[in-house]
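K.L.:
Got a sequence here, can you build the structure:
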Amino acid sequence: MINYSDAGLRFIRVWIWLAIAIGFIVPTIAFIVWFKYPEVRKVFGFYLLILVIQIVTEKIVSSVWLPSLVVSIGTLYTAGRVWQLWYEQQSLKTTDLSQANFKIINSVLWVLLLFWSSNLIMLLTLCWPSIL
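P.N.:
Next up is the predicted model:
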């Protein structure tokens with residue numbers, strides 16, 4: 001069972017809206033804007049695919065088994081996403097993108113990397129203690 005305080009629940013609701021805005025809408029826009037660049041399409045396409053798989057996995061697991069399993073699933077996916085974003089950021093350095101495109105895409109990757117790193121910290125400090 002997940003036992004959040006009222007303040008914790010309010011924070012998580014706001015955090016979910018931030019995750020939708022930063023973690024889903026921003027990369028979707030980047031995917032669409034730079035669709036003609038295969039390197040960028042691969043980075044954001046794979047990112048979005050894994051995000052959708054995570055959401056479906058969490059929905060199925062929480063409805064079939066224990067809702068608290070969402071925390072462990074989210075932690076694993078978030079750690080993987082942080083690694084994925086770091087790896088992709090490093091690999092984009094060798095692409096043939098223009099300097100302006102590279103800077104914008106690199107900035108988007110940094111924002112995502114910082115957000116998901118913060119999400120991992122939030123999971124470890126707020127969510128895990130509530131299920132243990």
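
K.L.:
and residue 64, how many neighbours does it have?
P.N.:
Residues within reach of residue 64, counting by other Cβ atoms under 10 Å, total 8. For every residue, glycine as well, the C-beta is placed using N, CA and C.

K.L.:
Revised request: answer the last question for residue 103.
P.N.:
Residue 103 has 11 nearby residues by other Cβ under 10 Å.

K.L.:
Pull the distance from stretch 69-88 to the chain's centre.
P.N.:
7 Å (Cα atoms, centre = their mean, to the nearest Å).

K.L.:
With stretch 27-40 instead?
P.N.:
With Cα atoms, centre = their mean, you get 17 Å for stretch 27-40.

K.L.:
buried stuff in that stretch?
P.N.:
For stretch 27-40, burial by neighbour count (16 or more other Cβ atoms under 10 Å) applies to 27, 30, 31, 34, 37, 39, 40.

K.L.:
Past the lengthiest helix in the chain, which element shows up next along the chain?
P.N.:
Of all the segments assigned as helix in the chain under DSSP state H, the longest by residue count is helix 38-64. Downstream of helix 38-64, the first helix or strand assigned by DSSP states H and E is helix 69-91.
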